[in-house]
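Engineer: Fold the stuff below for me.
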Amino acid sequence: MTKGAMTIAEGSQDKKFKTDATLILNGVQEHQYVLRTAFDSLSVWKTKYAVSVSPFYPRLKTSIKEAALIDNEIWVFGIDGTNSNHIIDAVTVASQFYMIEPRDILSNIYVKNLNAEGEAGLELNFLVQLNKDLYRATTEAIMEACRHFGINSEVNLHVYSSNINPKIPQKDLHQAMKDGGASSVVTDPRNMKYKSGNNLGSKGANIRTNMHVAKLEF
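Structural biologist: Now for the predicted structure:
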């Protein structure tokens with residue numbers, strides 16, 4: 001068991017919808033501490049997923065105002081994964097709460113269901129380009145955050161996305177993360193499934209997916 005992991009762009013806190021932060025390339029690895037981040041503010045998130053949680057307000061010099069302890073995991077809200085300062089703030093909250101080093105949180109990062117906003121009605125080629133820009137910017141932001149904390153060891157960025165995802169096919173996904181600074185990207189050979197809810201927090205579907213692991217080196 002390693003110390004920590006981080007997820008980006010979480011939706012529901014329901015176990016069947018949460019990002020699986022235990023899978024690694026060709027295996028499984030449990031993490032003692034997990035930081036989960038959501039793009040929505042806490043108030044929007046609570047309404048969307050009909051969840052009643054009480055926030056705590058970290059006594060830190062940070063722009064992050066709302067975090068919550070849910071199922072013994074720290075959640076931080078209002079986090080844009082393309083903004084390195086947001087990632088820095090969230091990791092600071094979690095590392096101080098858990099009393100561990102930032103590198104313990106950032107050593108393994110997981111992303112699922114990351115798509116450009118307002119995708120409905122967009123021409124497919126344009127949507128693919130928007131999503132490539134999104135993954136490139138997310139990779140860049142993670143690398144900037146790691147440099148801020150002085151991390152000089154390898155970081156693994158795990159992305160759940162089908163190889164044949166029309167919104168960003170495997171080749172485009174890999175290129176986007178390399179453009180963002182990844183030294184290499186490989187696809188886990190296993191076929192996977194996960195439960196996905198929609199953007200309104202309702203309904204759900206079983207999605208076939210693949211896991212791609214990008215190596216970030218410093």
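Engineer: which residues in the protein form helices?
Structural biologist: With DSSP state H applied, the chain shows helices at 42-49, 84-98, 102-106, 124-148, 170-179, listed in chain order.
Engineer: Adding mean pLDDT, mean neighbour count and distance to Gln32, write those out as a markdown table.
Structural biologist: For glycine as for every other residue, the C-beta is placed from the backbone atoms N, C-alpha and C. Converted to a markdown table, those look like this (pLDDT from 0 to 100; neighbours: other Cβ atoms under 10 Å; distance: least, Cβ to Cβ, whole Å):
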| stretch | mean pLDDT | mean neighbour count | distance to Gln32 |
| --- | --- | --- | --- |
| helix 42-49 | 88 | 17 | 25 |
| helix 84-98 | 94 | 22 | 8 |
| helix 102-106 | 97 | 23 | 9 |
| helix 124-148 | 98 | 19 | 20 |
| helix 170-179 | 99 | 19 | 27 |
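Engineer: would CSV of those with distance to Val185 be doable?
Structural biologist: Compiled in CSV, the helices of the chain are given as follows (distance: least, Cβ to Cβ, whole Å):
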stretch, distance to Val185
helix 42-49, 30
helix 84-98, 20
helix 102-106, 18
helix 124-148, 10
helix 170-179, 4
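Engineer: May I have stretch 119-127 as PDB, with CA atoms only?
Structural biologist: Listed next in PDB are the C-alpha coordinates belonging to stretch 119-127 (Å, rounded to 0.1, in the frame of the first residue of the first chain):
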ATOM      1  CA  GLU A 119     -19.900  19.600 -25.900                       C
ATOM      2  CA  ALA A 120     -23.500  19.100 -27.100                       C
ATOM      3  CA  GLY A 121     -24.000  20.100 -30.700                       C
ATOM      4  CA  LEU A 122     -20.300  20.600 -31.500                       C
ATOM      5  CA  GLU A 123     -18.800  19.300 -34.700                       C
ATOM      6  CA  LEU A 124     -16.900  16.100 -33.800                       C
ATOM      7  CA  ASN A 125     -13.500  17.200 -35.100                       C
ATOM      8  CA  PHE A 126     -13.800  20.500 -33.200                       C
ATOM      9  CA  LEU A 127     -14.800  18.600 -30.000                       C
END
